[in-house]
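Engineer: What shape does this take:
(one chain, ligands or ions: 1)
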Amino acid sequence: MLRGSAALLRRLAPHVSGGGCGNTTHRRLPAPIASFLHARFLSAPTTSSSPSSSSSAFGHDEEAEDRELPEISNGDAGASLSISVDRSGLYNPPEHSHEPSSDSELVKHIKSIIKFRSGPISIAEYMEEVLTNPQSGFYINRDVFGESGDFITSPEVSQMFGEMIGVWAMCLLEQMGKPAKVNLIELGPGRGTLLADLLRASAKFVDFTKALSINLVECSPTLQKIQYNTLKCEDEPVDDGKRTVSKLCGAPVCWHASLEQVPSGSPTIIIAHEFYDALPIHQFQKASRGWCEKMVDLAEDSSFRFVLSPHPTPSLIYLAKRCGWASSEELEKIEHIEVCPKAMELTEQIADRISSDGGGALIIDYGKNGIVSDSLQAIRKHKFVDILDDPGSADLSAYVDFASIKHSAEEASDDISVHGPMTQSQFLGSLGINFRVEALLQNCTEEQAESLRTGYWRLVGDGEAPFWEGPEDQTPIGMGTRYLAMAIVNKKQGTPIPFE
Ligand code: SAH
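Structural biologist: Numbering: from 1, shown residues only. The predicted structure is shown next:
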């Protein structure tokens, strides 16, 4: 239970690092934010989560398995070709059995890839199969969000999160010169909650809603359906078939499997909240023979285990690229490195698009402004579990390397600028979340007030909520400093709010 009083919220203000709670921040809000907040929020209030230590199974350098490559000889020249294969170093599967296996379809599939390759697969390949395998990946067939799911995200914590992203988007729109067409792209929209709250918040800004085309990048058919419902979509007949429209704002909505498939040519606002952390990472470890890639292999008993690759792997090229952006002091201290080529590639696409079409991107995720060492974690039903345990039944995610995003964007285009990262607490505080929560608290039930205060703490607080009086295991944990916000914008638009 929370103590119920709006005054409590103000007392919490000093705990919110850099968030700018309290009236002083209000007086300092930049004019566009203040006018947006007044117009939309302050007048008419409406109320409508230790990395896994699963790497314990990890084989050290000595345990790296030296797999002999098959030897291929072509016998006497000109004579019939004879091929001999040395199988001594290959994985030796257990006796063939007709006993039904308790392995899930996904586990069987990953095991078959390792057997077919006769060698381990990278953690990136394992992660990609686990999360987005089209038949049985973690995200594909279920709603994984919320208290009854596996984890909870900021938009699910409070409507205020999507609303504040709406404030950011409106301010960016002003800086873009209010174009007649705007392509609003969300990468990995989950249940669609962030976007629904953003659209409700911006409903009065007809310049925005009229200009909008909404494009959602989502790999999960199940989540696409949930997004369709959350955005109150309806199909409308048009000359050449049908189009889907969100009744929240009247804008057309389309779904795509990747950013590349989203049509370009209009000024663009891209939102990526907790998307980058789901992109597959490669892990490297410093060994006596140099940097080695950590891989997923099968043990004698046919369970998964980690090994170090005995040979150089193609992804070393990305390790070299990432290390090229690091200082020698940063590299000296590090024994493990995570590298995310998909994040580099995606960022390059974002930078290219923004430089040609105008607009900007907002990336919010948990991570570091520097090299990430060993952060891969698995979460099932709100608990950390072993990364290799029953793949497909738990979320896998890794800290986002914001420095790598910045370098990737800057290398891709001279026409963009990168801002931040700043903490989520600073970001939401500067956009005026404390005034929004106070406005909402003036017109709600005691139950809604408790939920608002807990949600507010989770979004902007740091560590355990000091005001919590309920069960200890349910203490709200602040995401305010663990989550970071970064913007990539077209240089023509100047510095985006609130990164000045
Ligand atoms: N942004 C949402 C959901 C974050 S979870 C929120 O904050 O609540 C990650 C989301 O990205 C899910 O919707 C998942 O299905 C989607 N996703 C993950 N990997 C993807 C990929 N490679 N391509 C497209 N969508 C992906």
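Engineer: how about the residue in the chain positioned nearest to the ligand, phi and psi?
Structural biologist: Here the chain gets closest to the ligand at one residue, residue 188, 2.3 Å apart by C-beta to the nearest ligand atom. Quick note: C-beta positions are derived from backbone N, CA and C, even for glycine. Residue 188 adopts backbone torsions of phi 60, psi 70, taken as degrees, to the nearest 10.
Engineer: residues near the closest residue to it other than its chain neighbours, how many?
Structural biologist: Among residues not flanking residue 188 along the chain, residue 275 sits closest, at 3.7 Å (C-beta to C-beta, 6 or more residues apart in numbering). Here the count is done by other C-beta atoms under 10 Å, and residue 275 has 22 residues near it.
Engineer: try the one 10 residues further on
Structural biologist: Residue 285 is flanked by 20 other residues according to other C-beta under 10 Å.
Engineer: next one: the one 4 residues further on
Structural biologist: Using other C-beta under 10 Å, the number of residues around residue 289 comes to 11.
Engineer: So residue 361 sits against residue 275, correct?
Structural biologist: No: shown here, residue 361 and residue 275 do not form a contact pair, counting by C-beta atoms under 8 Å, at 10.8 Å.
Engineer: Need the overlap of contacts for those two.
Structural biologist: Taking C-beta atoms under 8 Å, 6 or more residues apart in numbering as the criterion, residue 361 and residue 275 do not both touch any residue.
Engineer: can you pull the contacts of residue 259?
Structural biologist: 185, 187, 217, 270, 346, 349, 350, 353.
Engineer: could those residues go into TSV alongside neighbour count?
Structural biologist: As requested, the contacts of residue 259 are exported to TSV (neighbours: other C-beta atoms under 10 Å):
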residue	neighbour count
185	23
187	25
217	21
270	25
346	23
349	17
350	27
353	26
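Engineer: helix, strand or coil for residue 195?
Structural biologist: helix (DSSP: H, G, I helix; E, B strand; the rest coil).
Engineer: Confirm for me that it is in contact with residue 228.
Structural biologist: No: counting by C-beta under 8 Å, residue 195 stays clear of residue 228, with 11.6 Å between them.
Engineer: Identify the contacts common to the two.
Structural biologist: Joint contacts of residue 195 and residue 228 (C-beta under 8 Å, 6+ apart) do not exist.
Engineer: more neighbours, the two?
Structural biologist: residue 195 (28 against 18).
Engineer: Need the pLDDT of that one.
Structural biologist: With respect to pLDDT, residue 195 scores 98.
Engineer: contacting residues for it?
Structural biologist: Counting by C-beta under 8 Å, 6+ apart, residue 195 has contacts 162, 184, 186, 189, 214, 216, 227, 230, 231, 271.
Engineer: Among the residues you listed, which one has the most neighbours?
Structural biologist: Busiest of the contacts of residue 195 [other C-beta under 10 Å] is residue 189, holding 28 neighbours.
Engineer: Look up phi and psi at that one.
Structural biologist: Dihedral angles phi and psi of residue 189 (degrees, to the nearest 10) take the values phi -80, psi 0.
Engineer: which non-adjacent residue is nearest residue 200?
Structural biologist: residue 248 (6.3 Å).
Engineer: I'd assumed residue 231 was in contact with the one you found.
Structural biologist: Yes: applying C-beta under 8 Å, one finds residue 248 in contact with residue 231, separated by 5.9 Å.
Engineer: which residues do those two both contact?
Structural biologist: With C-beta under 8 Å, 6+ apart as the test, residue 248 and residue 231 both reach 196, 199.
Engineer: ok so, going back, next step: the contacts of residue 195 restricted to strands.
Structural biologist: Secondary structure defined by DSSP state E assigns 184, 186, 214, 216, 271 of the contacts of residue 195 to strands.
Engineer: Can you check what pLDDT the model gives the residue nearest to residue 200?
Structural biologist: 96.
Engineer: which SS class is it?
Structural biologist: coil.
Engineer: Could you list the residues of this structure in contact with the ligand?
Structural biologist: 131-132, 139, 145, 153, 155-156, 188-190, 194, 217-220, 223, 273-275, 278 (C-beta under 6 Å from any ligand atom).
Engineer: 5 Å instead?
Structural biologist: Residues of the chain lying near the ligand by C-beta under 5 Å from any ligand atom: 132, 139, 153, 155, 188, 190, 219, 220, 223, 273, 274, 278.
Engineer: Would you point out the most distant pair within those residues?
Structural biologist: Using C-beta to C-beta, these span at most 20.5 Å, a distance reached by 132 and 155.
Engineer: quick one: which of these two has more around it?
Structural biologist: residue 155 (26 against 17).
Engineer: And the helix or strand that the more buried one is a member of, what does it pack against?
Structural biologist: With elements taken from DSSP states H and E, the one containing residue 155 is helix 154-157. If contacts are counted by 3 or more C-beta pairs under 8 Å, 6 or more residues apart in numbering; DSSP states H and E, helix 154-157 sits against helix 159-175, helix 193-201, helix 446-460.
Engineer: Quick one: find the helix or strand in the protein with the lowest mean pLDDT.
Structural biologist: Sorted by mean pLDDT, DSSP states H and E, the helices and strands of the chain end with helix 6-12, the least confident at a mean of 35.
Engineer: how much space between residue 261 and residue 240?
Structural biologist: With distances taken as C-beta to C-beta, to the nearest Å, residue 261 is found 19 Å from residue 240.
Engineer: Between the two, which is the more surrounded one?
Structural biologist: Using other C-beta under 10 Å, the more surrounded residue of residue 261 and residue 240 is residue 261, with 11 against 6.
Engineer: average model confidence for stretch 319-335?
Structural biologist: Average pLDDT, stretch 319-335: 95.
Engineer: Need the distance between the two termini of that stretch.
Structural biologist: 13 Å (C-alpha to C-alpha, to the nearest Å).
Engineer: Counting neighbours, which bits of that stretch end up buried?
Structural biologist: Buried residues in stretch 319-335, counted by 16 or more other C-beta atoms under 10 Å: 319, 321, 322, 323, 325, 326, 334.
Engineer: pretty sure the fifth one contacts residue 407?
Structural biologist: It refers to residue 325. Yes: Residue 325 is within contact range of residue 407, at 4.5 Å (criterion: C-beta under 8 Å).
Engineer: which ones are touching residue 283?
Structural biologist: 123, 293, 294, 336, 337, 338, 374, 376.
Engineer: Please flag which of those sit within helices.
Structural biologist: residue 123 (DSSP state H).
Engineer: Which among the contacts of residue 283 count as buried?
Structural biologist: 123, 293, 294, 336, 337, 338, 374, 376.
Engineer: Can you name the residues bridging to the second one?
Structural biologist: So the one you mean is residue 293. residue 284 (DSSP bridges).
Engineer: That one reaches residue 122, doesn't it?
Structural biologist: Yes: in this structure, residue 293 is within contact of residue 122 by C-beta under 8 Å, at 6.3 Å.
Engineer: Need the residues touching each of those two.
Structural biologist: 282, 313, 315.
Engineer: Now distance to residue 435 too, for these, in TSV please.
Structural biologist: TSV is the format used below for the shared contacts of residue 293 and residue 122 (distance: C-beta to C-beta, whole Å):
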residue	distance to residue 435
282	43
313	51
315	47
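Engineer: As TSV, those with secondary structure, neighbour count and distance to residue 388 would be great.
Structural biologist: What follows is those, written out as TSV (DSSP: H, G, I helix; E, B strand; the rest coil; neighbours: other C-beta atoms under 10 Å; distance: C-beta to C-beta, whole Å):
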residue	secondary structure	neighbour count	distance to residue 388
282	strand	25	16
313	coil	17	19
315	coil	20	20
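Engineer: wait, which of those is closest to residue 171?
Structural biologist: Of these, the one sitting nearest to residue 171 (C-beta to C-beta) turns out to be residue 282, at 36.8 Å.
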